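> model this:
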Amino acid sequence: MSPLFLAYEDLKYLLNRGYRKKSALDFVANHYTLTLKERHFLARCVFSDSEIEERKKKLLKKEEIEGSVLGIDGFNVLITLESLLEGRAILCEDGLLRDLERRGGYTLNVQTPKNLELLLGFLKLLRPSGVWFLYDAPVSKSGQVVRITWELMEKFGLSGGARLSKAPDHDLKDFEVVASSDIGIIKKVPFIVDLPCMIGEEKGIKYPSFLDVLKKPQLLGF
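Numbers count the residues shown, from 1 in each chain. Have a look, this model is predicted:
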């Protein structure tokens, strides 16, 4: 077995016995001399059994979204969607798709309008009663992303809107259903939606699971 797989087993053991993730991760990462990528993978993708069960209960299927008002963690969803389209997303142990690049924020790029159009077109098919995108205000050019989102929402005839927020993680807890893979947000809301994962399934886009990575750690090099 690879050092990464052994580290996973030890981390899982400790998490299931109530150890704090940071302390447990520091211990196993140092013990098995993991790389930064391997450490980040475990931090993002591995959870206690109780956390996994809790998220399974919160995670909605696409047919359960009709008529709901969605709060969307804008940059989190955009980053994950771009990661999916570029072949860099991983399906984590709790059933959520995540980007493993350690970005400090989102960078507006030529693909942003196209990716938002893909996202909003998919949302239209889900028939929510309203959609609200919240974008981190401190992120560079976030105002431009808000404007693009508004324009595309009007194009698709979606109710709701987009706005800047100084603390999206705080503001999103006011929604019953939230699209995000951020652990801090997931813990605070009743239901969650994994839009990038749904789009991947709809488009037939393949992505590795955390088990695939444990078996082939070289996948972290993608």
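> Where does the record place the domain boundaries for this structure?
The record's domain parsing of the chain by automatic domain parsing lists 3-55+208-221, 61-203.
> Let me have these in TSV, extended by mean pLDDT and mean neighbour count.
In this view, the C-beta of every residue, glycine as well, is placed from N, C-alpha and C. As requested, the domains of the chain are exported to TSV (pLDDT from 0 to 100; neighbours: other CB atoms under 10 Å):
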stretch	mean pLDDT	mean neighbour count
domain 3-55+208-221	96	16
domain 61-203	95	18
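> what sits against the nearest residue to K166 once chain neighbours are set aside?
Spatial nearest neighbour of K166, chain neighbours left out: A137 (5.1 Å); criterion: CB to CB, 6 or more residues apart in numbering. Listed by CB atoms under 8 Å, 6 or more residues apart in numbering, the contact partners of A137 are L164, S165, K166.
> repeat for A162
Applying CB under 8 Å, 6+ apart to A162 gives the contacts G74, W132, F133, L134, Y135, V145, V146, T149, W150, M153.
> which residues touch the fourth one?
When contacts are counted by CB under 8 Å, 6+ apart, L134 touches G71, I72, D73, G74, A162, R163, L164, S165, P168, D171, L172.
> next one: the last one
By CB under 8 Å, 6+ apart, M153 lies in contact with L120, V131, G160, G161, A162.
> rewinding a little: in a markdown table: the contacts of A137, plus distance to R88.
Compiled in a markdown table, those are given as follows (distance: CB to CB, whole Å):
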| residue | distance to R88 |
| --- | --- |
| L164 | 27 |
| S165 | 26 |
| K166 | 29 |
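> Tell me which of those fall in strands.
Residues of these located in strands (DSSP state E): L164, S165.
> so S68 sits right up against V177, yeah?
Yes. The pair S68 / V177 is scored as a contact, 4.7 Å apart, by CB atoms under 8 Å.
> For the residue most central in space within the chain, pull up the helix or strand it's in.
Centroid-nearest residue in the chain: S181, 2.9 Å away (criterion: CA atoms, centre = their mean). Secondary structure from DSSP states H and E places S181 outside every helix and strand.
> Can you tell me the SS state at the nearest residue to S142 once chain neighbours are set aside?
Leaving aside its sequence neighbours, S142 sits nearest to Y135 (CB to CB, 6+ apart; 4.8 Å). Following DSSP: H, G, I helix; E, B strand; the rest coil, the label given to Y135 is strand.
> Could you point out the bridge partners of Y135 in the sheet?
Note on Y135: beta-bridge partners by DSSP bridges are L164.
> residues in contact with it?
Y135 makes contact with G74, F75, S142, V145, V146, T149, A162, R163, L164, S165, P168, according to CB under 8 Å, 6+ apart.
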